[in-house]
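**Q** what's the 3D shape of this:
(chains A and B)
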Amino acid sequence: MARRDEDEFVAFAQVCRPSLRRTAYLMCGDWERAADITQEALVRMYVAWPRLERDRGLRAYARRAVVSVAIEQARKRSSREVPTADPGDRELEDPAGQLVDRLFLMAALADLPPRQRACVVLRYYDDLSVEAVAETLGCRTGTVKSQTARGLEALRSAYARHGGELSAAGRDHDEAKEATS
Amino acid sequence: MSTDLRAALHEAVADAPYDEPDLRDVLARGSRRVRRRTALVVGSSALAVAAVIASVVAVTHDPAQEPHPARVVRLDLDQAQPLDLQPTRQGGRDRFLGLTADGLVLRSRHPDGGDGDELGLVDPGTGVTDWLPDATDPTGTLAPPGRHGMPPWLLPVQLAADQLVLLHLEPAIWRSRSSSGTLLVFDRGSRTWESGDVTVPAGLEAHQPPSVGIGLDGRLYLGHWNEGESGPMHWWSYQVPQGGQGRPEPALTGTSIAFGDGVQARADSDGRIVLSTPGEDRLLAEHRPQGCEPPSDPDTAPWPGWVRMAGSRPVVTYWCGEPSPRSDTVTVVYDTDGGRTIQVPGAGLLAADQRHVLLAPPSGTARGMYLLDLDTVTMGKANTSVGPSFLAHIDSQRHNFPVALAAGLILWDNGIAPLP
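**A** Here you go, the predicted model:
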């Protein structure tokens, strides 16, 4: 890679790495693994950097790399991990509440298949459109809608088993239609 | 309890623990991967001239075998003369995979609606393709989709005048699983396929195909890095065509091997070059090129560079200094008589045949490729004043397609052209 290209890549990576790491965390539930996922995604981006268009799509490409690595690693881990207790069985009461809420959310996310989890994270954390998620995951928009709907339904069921309620205001119109169609 | 999903997701990452970004690690790993990709993309096709290989025998340290200091001829890429080639190209899902030793082109085509790839041999003189019998029956191995989302590799191992040896490999994308594949041998006389299952007992580097060739003992040799590791390269060997679990070859760990016609060369990262023919090993070089120091950390020097056979002459690319995207390279052509070496600073090895070496320019500095004519630079005979006519620059974009030289043909960018 030419010196100028490398400087551009470093500048880009420094700016984008924190947000990529947060998306990776929501995809895997572990900050150390999220850092590893982000590093691997940036390595892939480095390899592709000379042929990427600078004025568009760099963040989308980086996000796509993070999600791809996270999905690969999730499938890898699923073959050797033993499932833990159902999140609905956990005691959620604690003085602060936030910590338990977060643990519950991450446990419920962990129960989603990797691509459903990716759809939920990209739609509701990264605020991507259905079309953008489809481009990120390399699938059709209908697949994104159905996968997101199933993911939301699974999350809602997990919360409902505990007596709670999960809302996804403003984003679930398409997915709701897909789920009921 | 009512929870808003969007708010919960943002809250979950609101207090991310401090993390020191290590972009140096990204740059080092990325540059290593770029190097491997540049070389490996072309590596398997460059084996088209390979025919028979020897088993590797340890070289003794008999001082009498130590090579004499070689005279060095250095070539300058900037002095290359332009060479205009007009290749015949394929497009779409139609691919040229390699060149046979007798000057045909191995072609792969995925028909619309088909389950697998078709293989054929193209006569570049007429453009006519001789489609081979279906290799998917009874093996079913060419059905393309990878189970884990990674496309399988179809690697030309040996494209000889009498047989074609191919390895169809599905990479495991994680280290805990073995990779599986099928060794396919096509007898060009009887037009029949033989096959055997191949298992690699560790995860392959998922983004690069392995290095493969047929040894002097007639076995398939397969070398690769483990996924997520920087090195070294590990080797296994398999019976042909039976395949099987593979026999570990620990004596070859960390070396690069070039498989030629009745000869092979082994290169270590310290610059030791061993040339093997049936029953004989010769030490051609003991040290890296002067001024090309290895990285200070051995772990960052996972491979010695790339090595191919130009006829009986080993050609090796060395990476010099600490790993970085701007590391220097030097490509060296060794004279088997030990009298002279040709060095091309800044160049990377792409392919070689009996009398040519195809070189890549320094990363990020130029486009196209360079063709070195070894007949013109007659090693051991020519004057040391090497003129620009030895080296030609092909101004062409090069993509991730196989690059190969054989039988007076050049294959690159999914196109074929005769060499001048």
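**Q** where along chain A do the helices fall?
**A** A:3-28, A:31-48, A:58-78, A:98-110, A:114-124, A:130-137, A:141-161, A:172-180 (DSSP state H).
**Q** tell me the most buried of the ones you listed?
**A** Counting by mean count of other CB atoms under 10 Å in any protein chain shown, helix A:114-124 has the highest mean neighbour count of those, with a mean of 25. Heads up, the C-betas are built off the backbone N, CA and C, glycines and all.
**Q** Which other helices and strands does that helix contact?
**A** helix A:3-28, helix A:58-78, helix A:98-110, helix A:130-137, helix A:141-161, helix B:5-12 (3 or more CB pairs under 8 Å, 6 or more residues apart in numbering or on different chains; DSSP states H and E).
**Q** How about the contacts made by B:Met233?
**A** B:Ser211, B:Gly223, B:His224, B:Trp225, B:Thr253, B:Gly254, B:Thr255, B:Ser256, B:Pro302, B:Trp303 (CB atoms under 8 Å, 6 or more residues apart in numbering or on different chains).
**Q** Among those, which are located in strands?
**A** Of these, the ones assigned to strands by DSSP state E are B:Ser211, B:Gly223, B:His224, B:Ser256.
**Q** out of the residues you listed, what pair is the most spread apart?
**A** Farthest apart among the ones in strands among the contacts of B:Met233 by CB to CB are B:His224 and B:Ser256. That separation is 11.9 Å.
**Q** Show me whatever sits in contact with both of these two.
**A** With CB under 8 Å, 6+ apart, B:His224 and B:Ser256 have common neighbours B:Ser211, B:Met233.
**Q** Just the pLDDT for B:Leu83.
**A** pLDDT, B:Leu83: 89.
**Q** what's the answer for B:Phe390, then?
**A** For B:Phe390, the predicted pLDDT is 80.
**Q** ok, it to B:Trp412 distance?
**A** 20 Å (CB to CB, to the nearest Å).
**Q** between those two, who's got more neighbours?
**A** B:Trp412 (28 against 21; other CB atoms under 10 Å in any protein chain shown).
**Q** Was I right to think the more buried one contacts B:Pro87?
**A** Yes - judged on CB atoms under 8 Å, B:Trp412 makes contact with B:Pro87 at a distance of 7.3 Å.
**Q** What is the neighbour count of the closest residue to B:Glu286 other than its chain neighbours?
**A** Counting by CB to CB, 6 or more residues apart in numbering or on different chains, B:Glu286 lies nearest to B:Arg272, which is 5.6 Å off, once chain neighbours are set aside. Number of residues near B:Arg272 (other CB under 10 Å) recorded here: 17.
**Q** what's the pLDDT at B:Ala7?
**A** 90.
**Q** One more: B:Gly311?
**A** So, for B:Gly311, pLDDT stands at 88.
**Q** Does the closest residue to it other than its chain neighbours belong to a helix, a strand or coil?
**A** Among residues not flanking B:Gly311 along the chain, B:Gln354 sits closest, at 4.2 Å (CB to CB, 6+ apart). Assigned by DSSP: H, G, I helix; E, B strand; the rest coil, the conformation of B:Gln354 is coil.
**Q** thinking again about what came up before, neighbour count and distance to chain A added to the contacts of B:Met233, as TSV?
**A** Formatted as TSV, the contacts of B:Met233 follow (neighbours: other CB atoms under 10 Å in any protein chain shown; distance: CB to the nearest CB, whole Å):
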residue	neighbour count	distance to chain A
B:Ser211	26	19
B:Gly223	22	21
B:His224	23	18
B:Trp225	22	14
B:Thr253	13	24
B:Gly254	20	23
B:Thr255	22	25
B:Ser256	23	21
B:Pro302	18	15
B:Trp303	24	17
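**Q** residue contacts, the nearest residue to A:Val120 once chain neighbours are set aside?
**A** Once flanking residues are discounted, A:Val120 sits nearest to A:Gly151: 4.3 Å by CB to CB, 6+ apart. By CB under 8 Å, 6+ apart, the contact set of A:Gly151 is A:Leu112, A:Gln116, A:Arg117, A:Cys119, A:Val120.
**Q** What is the most widely separated pair among those residues?
**A** Across the contacts of A:Gly151, no pair lies farther apart than A:Leu112 and A:Cys119, at 8.8 Å, counting by CB to CB.
**Q** Phi and psi next, for the closest residue to chain A within the stretch 1-150 of chain B.
**A** Ranking the residues of the stretch 1-150 of chain B by distance to chain A (CB to the nearest CB) places B:Gly30 first, at 3.1 Å. Here is the backbone geometry of B:Gly30 (degrees, to the nearest 10): phi -60, psi -40.
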